[in-house]
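In: my questions are about this predicted structure, shown below with the sequence.
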Amino acid sequence: MMTAEALGTILVSGLVLGSIYALMASGLSLVWSTLGIFNFAHGTLMTLGAYVAWSLTDNAAGLGLSPIAGLLLTIPIMVLVGAAMEWLVVRPFYGHRAMMLITVMTTLAATVFIGKGIQLIWGARLKQLEPLVAGKITILGTTISAQELLIILLAPVLLAALWAFLRWSATGRGIRAVGQNPYAAKLIGINVPRLFIITFALSATLAGLTGVLISSVRLITPMLGDEPLIKALIIVIFGGLGSLAGTIWAAYLIGIAEAFLIYTIGIYWAPSLIFILLILVLLLRPQGLFGKVVR
Amino acid sequence: MTDALRIEGLRAGYDDFDVLEGMSLHVGAGERVGLFGPNGHGKTTLLNAISATLARREGVVSFFGDRIDRARPQEIVVRGLIHVAQANSLFPDMEIMETLELAAWTPRARADKVANLDKVLTLFPRLAERRRQQAKTLSGGERQMLSIGVGLMCAPRMLMLDEPTLGLSPKLKDELADAIGAISAGGTPLLLVEQDIAFVLALVDRMYLVDHGTITREIDRGGSVDHQEIMDMYFGTETAP
Amino acid sequence: MKLDRSLIALAALAVALMLPLVIEDSYSRHILIIVFIYAIVAASWDLSLGYAGVFNFAHMAFFGVGVYATAMTAKLLGVDPWFAMLLGGVAAAAAAALVALPVVRLQGIYVVLVTFAFSQLILQVVISQSDLTGGTQGLVRVPTLELPGYNFLRDYKLGYYYVALGLLVITTICLRALVRSDFGMSIQALRDNEDYGVARGIPIAWQRLKVLVFSAFFAGVAGGFYAVYLRVASPEVFSFATSSLVLSMVLVGGVSTIYGPILAAVVLTIASEALANIDGLAEGRFMLVAVAMIVGLRYLPGGLISAFTRTGRGRVSPAQVMPPKTE
């Protein structure tokens, strides 16, 4: 029915998409598990990361740093942005009975704020980010750019590092503890507000890095993060909001599914079908494919 | 000698209403004090107010002479005042060993981590047996032991226990009583909140009765406990035939 | 109390009816018309968000569906614009029914996510079907309202003004009636204590579906009017910025009040338009809206209207609209 070459194309582009989605969704999942809120601004944080990296590396209008330096310097900037955002948009509503809904709205407001800010600062014209590695490679009968291959390899490494951090480092354990029982965490002396800010900053950094990676293979626009945000949304629902592992699996699954759908029914209808798939899954399993039942 | 814990005129509550209406009590250094009363009368709220896990409280709370009524929860733990809450205050997905090691969070607790871990596992051998089990898979008694173990890992200068025997079988209660007795025998002051009157009496030097958010009686060891008074508290005074 | 607010509302209506006598230029009337349109959308959003406590984030998409349905039927199928507006409402209601299917059984954050994803999906569909919808450019030259003997286009928007005002009045009356009806009581009961409501036999899924459909209908009609008034349908109606603006009207105005969002629509639309005229703030004004929303949520949880009514039947802060998070 389908040639091996076609399958190869689908698999490879599916892995690229899946890698990007996994990095992106893990940041969202982290904030949800720990702070109990859904950060709608996650998409714009991706966009912001891309623009910051551009400003650092562009030879004409930016600082002209090397792509690696640009990537690395974006990190502390995103940490600061994430911390500032948590402090301004989430912290004032701690402990509020409707914290979740209110933060949906405040993070939405932050999205507009950052999005319009990006437009004002950088303008709406398309920009390009220099990839970390150049050239093309042929795998499984498909040719992809070396940058795309880098993404496929880098994502699991970053995710593994995240997992290791959460599992074994003191701060990581603290983050997990807060996510599982903030009250108990307080009782053993964990500074919960400080961990909230750390988690949020970490999530923002993941978002920014994702943005940098996306823009190394696509053009940068102020709307860069909008469409991935919707995918991220669908992924965390599929994967179950509380489960980081589930989210990552779901991300790769959806990446491959999307690649398959784009190949078979075209890029216009693929999003609709994924959405319909989501609805079906939710009707049958309200907690997502992997998640725990959440109220 | 300064009291371990001294509370005066403590008011605290949730949202718009007060649960504690001006409570005063004290726990002397090395003393073991019980807090007794029916549900809903403020026992847990009191402990939450002391450990600052409740947003709203007014009044004076001192720990070994230092005022802590304005302190944040992590600062209180750093000082060594440890609140062991009811057994739902564990981390469901964490293993026993992981939880105990995590509980040595503050610098002071970390310093004694190895020694305390040894103490806890000796005190509760069952925890050592099940070290890789997640908290959510434990039985009620094991959860209780883990909760107390967690409290010990925090290197307490004083322990506050909230109904440690809730839902346990008599045999388990005895085991727990022995363990708590061993802990306080080391000189650690204790504030024990309980509904099981016999359990409390066996372990404490002094007891307070809590009724509707205030202390109504203070009973010393040697003073008799009026069972009728206790019945009245629980079932109201309309027991006239 | 109730009487107070109704009297004030009637007074406001009287003023609104007479305003065109004093305000005669097209531009100012245009601003007011936009106010009325947003007021309808915001007030109807309050029905599902405030009174029913359904975290419905697809409402602006319903508005957009109304815009496009009306524009397409009027322009491409030659349907009479008056009827096309109604069709806009029906189309929006149908979209709401579609979304309601998965949503009514979901809880909390999932409702937010699914309705939000749905609204983005509609946007995708609209953009991709550019043959029908004009894609990113949108549709232009949409036919406009006509009445025998009266030319809407040549009267400095007077006709449009009264139609928009009329729609707002009808919407307000309908919404208030709905809220006071048994239906309205039941959805508030479900909001305040779902388990109890279900135990008392309120069919939760069905009620939620009806709420979404009703609130979408009004938004759809408003969208339809928007289309025949501006004679344009563009994907801008689906933007985050527009959604945030209208959402902030609901929140800042006061959830669960109907009048609150209307009041906020007046204030925020005028403020937004005023800012748009300041150099350099055409885009930046949305940033101010965003800040206003956050500040408003922090310091005025009961909304603007709580500053005007001391007693508020139905004055509910967002805090009371949803159940506490269980850990």
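Out: Thanks, I have the structure now.

In: how many neighbours does the nearest residue to A:Leu126 once chain neighbours are set aside have?
Out: In space, and not counting its chain neighbours, A:Leu126 is closest to A:Leu219: 4.6 Å by C-beta to C-beta, 6 or more residues apart in numbering or on different chains. (Glycine included, C-beta is placed from N, CA and C.) Using other C-beta atoms under 10 Å in any protein chain shown, the number of residues around A:Leu219 comes to 13.

In: and for the one 10 residues further on?
Out: For A:Leu229, the neighbour count with other C-beta under 10 Å is 26.

In: list the residues that contact it.
Out: A:Phe40, A:His42, A:Gly43, A:Met46 (C-beta atoms under 8 Å, 6 or more residues apart in numbering or on different chains).

In: find the closest residue to chain C in chain B.
Out: The nearest approach of chain B to chain C comes at B:Asn88, 9.3 Å away (C-beta to the nearest C-beta).

In: need the three-state assignment for that residue.
Out: coil (DSSP: H, G, I helix; E, B strand; the rest coil).

In: which of the contacts of A:Leu229 tops the neighbour count?
Out: Most neighbours among the contacts of A:Leu229, by other C-beta under 10 Å: A:Met46, with 32 neighbours.

In: name all residues that make contact with that one.
Out: Counting by C-beta under 8 Å, 6+ apart, A:Met46 touches A:Met24, A:Ala207, A:Gly208, A:Thr210, A:Gly211, A:Ile214, A:Leu224, A:Gly225, A:Pro228, A:Leu229.

In: was I right about the fourth one contacting A:Ser26?
Out: No. Taking C-beta atoms under 8 Å as the contact criterion, A:Thr210 and A:Ser26 are not neighbours in contact, 9.2 Å apart.

In: now the element after the top helix by length along chain B, going C-ward?
Out: Across chain B, the longest stretch assigned as helix under DSSP state H is helix B:170-185. As assigned by DSSP states H and E, the chain's next helix or strand after helix B:170-185 is strand B:190-194.

In: who does that next one pair up with?
Out: Its sheet considered, strand B:190-194 pairs with strand B:32-36 (parallel), strand B:158-162 (parallel) by DSSP bridges.

In: out of these, flag the one nearest A:Ala250.
Out: strand B:158-162 (39.5 Å; C-beta to C-beta).

In: out of the contacts of A:Leu229, who's nearest chain B?
Out: Closest approach between the contacts of A:Leu229 and chain B, by C-beta to the nearest C-beta: A:His42, at 24.1 Å.

In: and that closest one, what does it touch?
Out: Going by C-beta under 8 Å, 6+ apart, A:His42 touches A:Met24, A:Gly27, A:Leu28, A:Val31, A:Ser203, A:Ala207, A:Gly225, A:Leu229, A:Ala232.

In: secondary structure and pLDDT added to the residues you listed, as CSV?
Out: Formatted as CSV, the contacts of A:His42 follow (DSSP: H, G, I helix; E, B strand; the rest coil; pLDDT from 0 to 100):
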residue, secondary structure, pLDDT
A:Met24, helix, 92
A:Gly27, helix, 93
A:Leu28, helix, 92
A:Val31, helix, 93
A:Ser203, helix, 95
A:Ala207, helix, 95
A:Gly225, coil, 85
A:Leu229, helix, 86
A:Ala232, helix, 85
